[in-house]
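A.B. asks: what's the 3D shape of this:
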Amino acid sequence: MAIRCTDFGVKSWFASNPRNYASINVRIFTIRCSSGAAATAVGLGERPWKTSDARLVLEDGSVWKAKSFGASGTQVGEVVFNTSLTGYQEILTDPSYAGQFILMTNPHIGNTGVNFDDEESSQCFLAGLVIRSLSIGTSNWRCAETLGDYLAERNIMGIYDVDTRAITRRLRQDGSLIGVLSTEDSKTDEELLKISCSWDIVGVDLISGVSCNSPYEWVDKTGSEWDFNSNETAGETFRVIAYDFGIKHNILRRLASYGCKITVVPSTWPASETLKMKPDGVLFSNGPGDPSAVPYAVETVKEILGKVPVFGICMGHQLLGQALGGKTFKMKFGHHGGNHPVRNLRSGRVEISAQNHNYAVDPASLPEGVEVTHVNLNDGSCAGLAYPALNIMSLQYHPEASPGPHDSDPAFREFIQLMKQVKQNA
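C.D. replies: Sure thing, here's the model as predicted:
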């Protein structure tokens with residue numbers, strides 16, 4: 001690099017005014033830059049800013065260059081978009097995202113960093129994170145570390161400086177797509193495309209990879225500073241068995257806050273063992289993937305129906321639909337976000353809900369006596385079921401939110417009332 005400096009005087013109009021301003025000296029720099037070996041030799045080979053070092057290759061053949069953060073390597077997954085404006089940490093730790101790349105439509109991510117109180121599970125199960133802009137700083141009194149460090153410690157890949165709006169439009173038009181995220185220069189675009197075209201998430205049992213290995217007791221309630229509904233159980237306790245298909249911590253906290261003594265069991269826990277524990281009710285939790293890929297879970301649900309009150313959430317809702325004789329189907333791009341309007345057909349009340357699912361129950365396939373209680377107002381899909389004859393209730397979305405609005409929290413109270421009614425009539 002060569003630098004030449006030239007000094008010359010400028011006679012400005014200031015010099016001729018009555019105040020007799022002095023001439024202004026201006027210094028002009030001419031900079032000539034060189035590249036290659038010469039630049040490297042003087043230590044100027046690295047740019048002071050990060051350049052594109054990652055690619056997202058979708059199964060439709062499109063290649064999206066980006067910058068990486070978090071872990072490095074190559075990862076395959078299904079790309080889905082999430083429309084939540086806040087709560088990226090709860091989203092990252094939601095086990096229902098196993099096998100998926102989460103694309104956040106909100107452009108600014110990482111602003112509040114990460115804390116260890118907002119985790120929805122003990123680890124991250126997602127395949128990777130795709131965002132538009134990664135915050136270069138954090139500003140939150142609860143922040144414990146940056147988002148990039150958090151992902152790197154958990155071996156989760158992330159990319160930023162990619163056109164998330166364009167990818168979202170493509171997903172809405174063509175449906176969810178399989179993609180491969182890579183930071184490895186040794187792999188060509190053609191090799192990554194081949195990987196994306198040869199991998200599929202349909203028919204894969206993802207529940208077994210996120211469920212607990214053995215039963216455990218859950219006792220934590222929603223913290224008093226965060227609780228938003230009074231406990232109306234008047235001290236009455238209900239024993240609930242919660243099947244862990246990928247359960248979120250705040251589902252358990254809300255149940256505990258409503259007076260439930262909870263035992264969490266693995267997804268493969270036999271129905272006979274559950275019934276031996278004499279529960280007042282059974283919860284079938286949320287979870288990732290295709291409900292048709294876990295017939296063992298459907299059989300477990302069938303064996304429990306009619307014996308105790310049951311509440312299904314998300315995956316649990318879909319398993320209940322199949323256990324009742326209905327069918328499920330894969331949606332075009334699913335529902336992922338904290339702003340989905342749902343109508344309660346019983347009350348007429350509209351709730352803004354938090355949702356995360358790629359499959360839905362076909363209401364036309366359900367037998368007589370099963371009632372559709374909630375409908376998604378965006379696309380008319382089934383968002384809730386009830387079968388009073390068997391003491392069944394279910395929601396396709398997340399009443400605990402986390403993240404999201406609290407409109408649907410009364411569903412936990414309804415489950416309590418259902419158990420209370422059956423207990424009184426026994």
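A.B. asks: Could I get the average pLDDT for stretch 398-405?
C.D. replies: Stretch 398-405 shows a mean pLDDT of 94.
A.B. asks: Can you list the neighbours in contact with that stretch?
C.D. replies: 84, 86-87, 90-91, 120, 248-251, 253-254, 286, 313-314, 338-339, 351-356, 408-412 (CB atoms under 8 Å, 6 or more residues apart in numbering). Heads up, the C-betas are built off the backbone N, CA and C, glycines and all.
A.B. asks: helices and strands around the longest helix seen in the chain, which ones?
C.D. replies: Taking DSSP state H as the criterion, the chain has its longest helix at helix 410-425. Helices and strands touching helix 410-425, by 3 or more CB pairs under 8 Å, 6 or more residues apart in numbering; DSSP states H and E, are strand 238-244, helix 249-257, strand 281-284, strand 310-313, strand 392-395.
A.B. asks: Out of the ones you listed, the one nearest residue 138 is which?
C.D. replies: helix 249-257 (22.9 Å; CB to CB).
A.B. asks: Give me the angle between the closest one and helix 410-425.
C.D. replies: Put simply, helix 249-257 runs at 40 degrees to helix 410-425, going by axes from the mean of the first three to the mean of the last three CA atoms, to 10 degrees.
A.B. asks: Now find how far off-centre helix 249-257 is within its chain.
C.D. replies: Here helix 249-257 is found 18 Å from its chain centre; the criterion is CA atoms, centre = their mean, to the nearest Å.
A.B. asks: How about stretch 410-423?
C.D. replies: 28 Å.
A.B. asks: contacts for the longest helix of the chain?
C.D. replies: 229, 232-233, 236, 238, 240, 254-255, 258-260, 280-281, 283, 308-309, 311, 391, 393, 395, 399-400.
A.B. asks: mind listing what's buried in that helix?
C.D. replies: Residues of helix 410-425 classed as buried: 410, 411, 412, 413, 415, 416, 418, 419, 420 (neighbour count, 16 or more other CB atoms under 10 Å).
A.B. asks: helix/strand/coil for residue 356?
C.D. replies: Under DSSP: H, G, I helix; E, B strand; the rest coil, residue 356 falls in the strand class.
A.B. asks: Residue 389 contacts residue 369, doesn't it?
C.D. replies: Yes. Using CB atoms under 8 Å, residue 389 is in contact with residue 369, at 5.9 Å.
A.B. asks: Would you mind naming the helix or strand containing residue 57?
C.D. replies: Element membership of residue 57, judged by DSSP states H and E, is strand 54-58.
A.B. asks: What pairs with that strand, parallel or antiparallel?
C.D. replies: strand 63-70 (antiparallel), strand 177-182 (antiparallel) (DSSP bridges).
A.B. asks: out of these, deepest packed?
C.D. replies: strand 177-182 (a mean of 25; mean count of other CB atoms under 10 Å).
A.B. asks: Helix or strand next in line after that one, which one?
C.D. replies: helix 189-198.
A.B. asks: neighbouring contacts of that next one?
C.D. replies: 55, 57-59, 61, 63, 74, 76, 177-180, 182.
A.B. asks: that older thread, may I see the ChimeraX selection of the buried members of the contacts of helix 410-425?
C.D. replies: Selecting just the buried residues from the contacts of helix 410-425 in ChimeraX takes one command, with 16+ other CB under 10 Å as the test:
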select :233,238,240,254,255,258,259,260,280,281,283,308,309,311,391,393,395,399,400
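A.B. asks: Let me know the distance separating the closest residue to residue 155 other than its chain neighbours from residue 96.
C.D. replies: Spatial nearest neighbour of residue 155, chain neighbours left out: residue 71 (4.7 Å); criterion: CB to CB, 6 or more residues apart in numbering. Residue 71 sits 21 Å away from residue 96 when distances are taken as CB to CB, to the nearest Å.
A.B. asks: Tell me where the model's unsure across the stretch 1-150 of the chain.
C.D. replies: Scanning the stretch 1-150 of the chain for pLDDT under 70 picks out 1-47.
A.B. asks: all strands of it, in order?
C.D. replies: 2-10, 24-32, 54-58, 63-70, 74-82, 100-104, 108-109, 128-130, 133-134 (DSSP state E, counting those that start in this stretch).
A.B. asks: distance between the last one and the chain's centre?
C.D. replies: The chain centre lies 17 Å from the centre of strand 133-134; the measure is CA atoms, centre = their mean.
A.B. asks: helices and strands around it, which ones?
C.D. replies: By 3+ CB pairs under 8 Å, 6+ apart, strand 133-134 packs against strand 108-109, strand 157-160.
A.B. asks: ok, 7 Å please
C.D. replies: Judged by 3 or more CB pairs under 7 Å, 6 or more residues apart in numbering; DSSP states H and E, strand 133-134 is in contact with strand 108-109.
A.B. asks: ok, residues contacting the strand it packs on?
C.D. replies: 88, 131, 133, 134, 135, 147 (CB atoms under 7 Å, 6 or more residues apart in numbering).
A.B. asks: Give me the neighbour count for the residue lying closest to residue 202 once chain neighbours are set aside.
C.D. replies: Spatial nearest neighbour of residue 202, chain neighbours left out: residue 290 (5.6 Å); criterion: CB to CB, 6+ apart. Residues lying near residue 290 (other CB atoms under 10 Å) number 20.
A.B. asks: Same question for residue 199.
C.D. replies: There are 16 residues near residue 199, going by other CB under 10 Å.
A.B. asks: residues contacting it?
C.D. replies: 76, 178.
A.B. asks: and if you look at residue 132?
C.D. replies: 107, 160, 162, 164.
A.B. asks: part of a strand, is residue 172?
C.D. replies: No. Looking at residue 172 with three-state DSSP, it is helix, so not inside a strand.
A.B. asks: May I ask you to confirm that it is in contact with residue 333?
C.D. replies: Yes. Counting by CB atoms under 7 Å, residue 172 does reach residue 333; the two are 6.0 Å apart.
A.B. asks: Okay, the nearest residue to residue 69 once chain neighbours are set aside and residue 259: tell me how far apart.
C.D. replies: Spatial nearest neighbour of residue 69, excluding adjacent residues (CB to CB, 6+ apart): residue 148 at 4.3 Å. Noted for residue 148: a distance of 41 Å to residue 259, by CB to CB.
A.B. asks: end-to-end on stretch 138-152?
C.D. replies: 17 Å (CA to CA, to the nearest Å).
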